[in-house]
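Trainee: what's the 3D shape of this:
(chains A and B)
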Amino acid sequence: MRDKLYNFVGKNPFWVILVCITFSIVAGLGVQKLEFKSDYRVFFSEENPQLTAFETMQKVYAKSDNVSFVVVPKDGNVFTKEHLAALKKLTKASWQIPYSTRVDSVTNFQYSYAEEDDMIVEDLVMSTKNLTSEKLEKIKGIAINEPLLVNKIISKTGHVSVVNVTVQLPGIDPMAETPEIAASVRAIKAQFLAEHPEVDVYLSGMIMMNTSFGEASINDGTTLIPLMFLVVIVTIGVLLRTITGTIATVLVIIMSIVTTMGLAGWLGFYLTGPSSSAPTMIMTLAVADCIHILTSMFYEMRQGADKRTAIARSIKINLQPIFLTSVTTAIGFLSMNFSDSPPFRDLGNLVAIGVMLAFVFSVTIFPALLTVLPIRVKMHKEGKKDIMAKLADFVIAKRKLLLPLTSVFIIVSIMFIPNNELNDDFVKYFDETVPYRVATDFMQDNLSGMMVVEISVKTGKPSGINDPKYLQSVSDFTDWLRDRPETDHVNTITDTLKRLNKNMHGDDPSWYKLPDSQEMSAQYLLLYEMSLPYGLDLNNQLDVDKSSSRIVVTFKNMTSNELINVEQDMIAWFAKHAPQYEVDFSSPSLMFAHIGQRNIISMLIGTTLALILISILLGVALKSWRFGLISLLPNLAPAAIGFGIWGLYSGQVGLGLSVVIGMTLGIVVDDTVHFLSKYLHARRDKNASPQEAVHYAFDNVGRALWITTFVLVAGFTVLAQSSFKMNADMGFLTALTIFVALVVDFLFLPPLLMLLDKDKKKVTQNVAAVVDTPIKAA
Amino acid sequence: MLTKKILISAISALSLTLASNAAFALSAEEQKGLDISMEAKKRDLGWQDSTADMRMLLRNKQGQESIREIKIKSLEIHGDGDKSLTIFNKPRDIKGTAFLSFSHPVAADEQWLFLPALKRVKRISSRNKSGPFMGSEFAFEDLSSFEVEKYSYKYLGVEELNGFTNFKVEQYPVDENSGYTRRIVWLDTLEYRIHKIDFYDRKNSLLKTLTFSGYKQYLAKHWRADSQEMINHQNGKSTELKWSNYNFKTGLSDSDFNRNSLKRAR
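Mentor: Next comes the predicted model:
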């Protein structure tokens, strides 16, 4: 089989090249169908309970997708004639944003007040022409004391204000709608800045976040992928010193990526933030196959073989190992199908397809290209081998010291794993170079956080919200929330009702309290509702038959666990104080807070399955169950150490990182496979002692291992440069884990083998010893 | 403020008169649109006053429904918008609440609300024209009487709809406080009854569609639809109006439409 493959390829190289390229082009045409979905909702599967709850609430009340203009006057005071006039203009312009259904600002706030016996409801800032300083002071006083505005639309000191635009996406062409809004918003911002150089404007809100998902990925595509190509070219060029080899490798990489992404298009995949990192990952993983084939080929050629024979031998030697490592890598990535978040399932599937395609291309078009392209080999001695030999000598000599030392290192690292906490803060999905992140950080510092929870309190009875008991409960709950240190803002209908009651009593502050009868509340609300202009109604707070109302709480930023705790506290409050009402909690913040936990649990199942599958494969490949079991240690230790170091370095584990264990498992296994197979080859076929076998393994695969590790670490380090933090962290932790894996395979695995493999009769005893050692060391 | 409004309405009334008298300012389509609208208004003149019951069915995207019941008394006013008195019956907690409105073609409407719980009449802010009526998908301006001066027009052609041949006329609100940039109205060529209206919001995207059904003729002259359904395309909500007990020329007069009559209204 192995011989037949290259026999065919070697005889018909042009045919092979033609067929491969045709296949790649036909598949690649699917790329046109591939679209980017920029909507945070893609992170949630349709059956996600938090998403379902959220969508129901959006249907009952109004939708809450939004864009915020954060307007910052450079002179630090919103309440001047000029700035208010500018805000009024911006408010008006915002109505022209596609799909906008509501615009809230300081100027159009529906301010109600008593005038003689009438109640007037009108824009807080009507005309800016004749604003005297007293009037400005009055407006400021109203705004910064209005609970509906302060911290949300206006800062406490009045130095920053927000124009908040609610949009209702029709969802007919989701790929086009968000960019369309973003383009319009940016145009308005640009024009506004041109006319008002005395202010700064930041853009925030869900729409801008969604836009950033898309743009961060496109940005990655234009910077990271070229960078990655550079890394590949330099690595192969410098380490293997071959131009044609580099060209052939780059071609295999391009074909693997194009074919995978094309197939994705044909299969109806869509791109998302995480899955858009698939090309970088495929590239990184595809290089390894080519490096193995090139290294062996050059070795043969240096030994004096002609090119065709060298290629044939190289394929023969490498076909099984690279097939095995491709399969284990694919299994690792396929474990991501257990993720609760569809984009990660897509990423796993895409990379798995890509890795298998890369394998196919590496053993077909790659040797075909090498056959037809001119290749010269410089005859020189393998200087590097000495380094590997020295390393082998060192490891063998110091094994008694290395084993406890590395074991201690592993255990200490593991002890830091609990430092990690689950946290999916979607704001931090972007790094500080992304304007959305800058805007949102600014908002957090000057207005309010991004953690929003929507609470629907239901009576189940039409007009039930006008019941004084109900209103009292909602008002008490609001007070309780406002007393909590993490609360920035609460939007509730009870504030409006209290204000109306005051207005109805000649603006007497002592009447700032809830109306005392159902009829009174109902009629106040009717009066108020009948006075509101288009787009500023109460539909976002009350349901259609007034049987339930929605409270919207904005919290300071906190971790997922903290938010879940607050949610528990809120549930407990209702259970204790108002058990008669059904209460729903939902919001994107809560969705992200819960998905981390759901995902970790499902990923642990997935990873365990992948581990079992890979271990079985290894057992079969190494023809030894015992070594299959021994390999578990070096296969699992890297991820454990990686997460331990991560616990020290950052400690925030979100969606992106929860898939790293499964992902790296398939990759780090490769090193173990190569090392163990050479070790066993020496032990079994060459009758070598464990020490000799270790030396043999170092001599034979040491160099290939560190070159592939170098490429992998470089590749994932490139990914770590992504401005999309989810991908960046994933890249960083993967790179770290792969690097650790090499260290483990060089410094921990050999001493372990020499200890366990000392005398076959004592194996069981020695396994016990190894279990003992870490405990003693700890 | 008020003088400005009067000025604006005077100017627009004047320009409209000028325009309709001397067609030099209007294109053929504009003139035809105006003619159709004037004819429609003319055909319905002379109903004097009317009373009717209205049942409102509000529905949200989730399928939740809510019912409102009101009684409406209207008084035809020549040369100005009509007067109307709306008495709320359901939901129960607003029973007895009454709403008085003097509509004006171009200037802001004058509106008062009587709150039985407070036993007082309150004047309502006049800029709410574009706002929802009782939380429904109908805006105030969708329910107030049709006056020729409210819009400028453009005839778009003839179209078949519901088995009738319809004029299709585009209307552009004159009042800048209107929530719309334009409406497209389908009126049948036979009786000039409106069958459908498309509403375009301030950014000129389709916001709502109103369809009329169950037309009945009263006093051998005045056509009224039994049912009107408004669908909001943007938020997925809808509101259905069912009319019943139409009565015309019941002898209502100006004195039934003032602040004092509000408190007595049943």
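
Trainee: Now do whichever strand in chain B runs longest: everything it contacts.
Mentor: When chain B is parsed with DSSP state E, its longest strand is strand B:206-218. Under the criterion CB atoms under 8 Å, 6 or more residues apart in numbering or on different chains, residues B:47, B:137, B:142, B:162, B:180, B:191, B:193-201, B:223-234, B:246, B:248 lie in contact with strand B:206-218. C-beta coordinates here come from the backbone N, C-alpha and C atoms, glycine included.

Trainee: ok, and which of these reach chain A?
Mentor: With the criterion set as CB under 8 Å from any CB of the partner chain, the members of those near chain A are B:D201, B:H233, B:Q234.

Trainee: just curious, which of the residues you listed is nearest to chain A?
Mentor: Closest approach to chain A among these (CB to the nearest CB): B:Q234, at 5.0 Å.

Trainee: circling back to that earlier point, of the ones next to chain A among the contacts of strand B:206-218, which belong to strands?
Mentor: Reading strands off those with DSSP E, I get B:D201.

Trainee: Who wins on neighbours among the ones next to chain A among the contacts of strand B:206-218?
Mentor: With neighbours taken as other CB atoms under 10 Å in any protein chain shown, the top of these is B:D201, carrying 21 neighbours.

Trainee: Tell me the bridge partners for that one.
Mentor: B:Y180 (DSSP bridges).

Trainee: my read: it touches B:T181, true?
Mentor: Yes: between B:D201 and B:T181 a contact is recorded at 7.0 Å, counting by CB atoms under 8 Å.

Trainee: So what does the residue nearest to A:K37 when sequence neighbours are not counted look like in phi/psi?
Mentor: Nearest residue to A:K37, sequence neighbours excluded (CB to CB, 6 or more residues apart in numbering or on different chains): A:Y270, at 4.7 Å. Backbone dihedrals for A:Y270, given as degrees, to the nearest 10, come out at phi -130, psi 160.

Trainee: Export the ones next to chain A among the contacts of strand B:206-218 to JSON lines and append columns for pLDDT.
Mentor: Shown next, in JSON lines, are these (pLDDT from 0 to 100):
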{"residue": "B:D201", "pLDDT": "91"}
{"residue": "B:H233", "pLDDT": "92"}
{"residue": "B:Q234", "pLDDT": "88"}
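
Trainee: from the ones next to chain A among the contacts of strand B:206-218, which single one is nearest A:T487?
Mentor: Nearest to A:T487 among these is B:Q234, at 31.9 Å by CB to CB.

Trainee: what about that closest one, distance to A:T157?
Mentor: 36 Å (CB to CB, to the nearest Å).

Trainee: re earlier: just give me the neighbour total for the residue nearest to A:K37.
Mentor: A:Y270: 18 neighbours (other CB under 10 Å).

Trainee: what sits against it?
Mentor: Neighbours of A:Y270 in contact, by CB under 8 Å, 6+ apart: A:L34, A:E35, A:F36, A:K37, A:V42, A:M175, A:D346.

Trainee: Which of the ones next to chain A among the contacts of strand B:206-218 sits closest to A:F430?
Mentor: Nearest to A:F430 among those is B:Q234, at 29.6 Å by CB to CB.

Trainee: Show me where chain B has its strands.
Mentor: Applying DSSP E to chain B gives strands spanning B:49-59, B:65-75, B:83-90, B:98-102, B:110-115, B:120-123, B:151-161, B:164-173, B:180-188, B:194-201, B:206-218, B:222-232, B:238-248.

Trainee: can you give me the angle the fourth one makes with strand B:65-75?
Mentor: What that stands for is strand B:98-102. Relative orientation of strand B:98-102 versus strand B:65-75 (axes from the mean of the first three to the mean of the last three CA atoms, to 10 degrees): 50 degrees.

Trainee: do strand B:98-102 and chain A meet at all?
Mentor: Yes: using CB under 8 Å from any CB, strand B:98-102 reaches chain A at B:F99.

Trainee: Direction included, what does that strand pair up with?
Mentor: Sheet pairing here is set by DSSP bridges, and for strand B:98-102 it gives strand B:83-90 (antiparallel), strand B:110-115 (antiparallel).

Trainee: Need those in a markdown table (columns: mean pLDDT).
Mentor: Below are the strands paired with strand B:98-102 laid out as a markdown table (pLDDT from 0 to 100):
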| stretch | mean pLDDT |
| --- | --- |
| strand B:83-90 | 90 |
| strand B:110-115 | 88 |
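
Trainee: okay if I get those strands as a markdown table plus distance to A:P342?
Mentor: Formatted as a markdown table, those follow (distance: least, CB to CB, whole Å):
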| stretch | distance to A:P342 |
| --- | --- |
| strand B:83-90 | 46 |
| strand B:110-115 | 51 |
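
Trainee: right, so of those strands, which gets closest to A:N503?
Mentor: Using CB to CB, the strands paired with strand B:98-102 put strand B:110-115 closest to A:N503, at 12.3 Å.

Trainee: contacting residues around A:G245?
Mentor: A:G245 touches A:I236, A:C290, A:L294, A:L370, A:I375, counting by CB under 8 Å, 6+ apart.

Trainee: Can you give me the pLDDT of the nearest residue in space to the first one that is not next to it in sequence?
Mentor: Same thing as A:I236. Leaving out its chain neighbours, the residue that sits closest to A:I236 by CB to CB, 6+ apart is A:T246, at 4.7 Å. Note on A:T246: pLDDT of 87.
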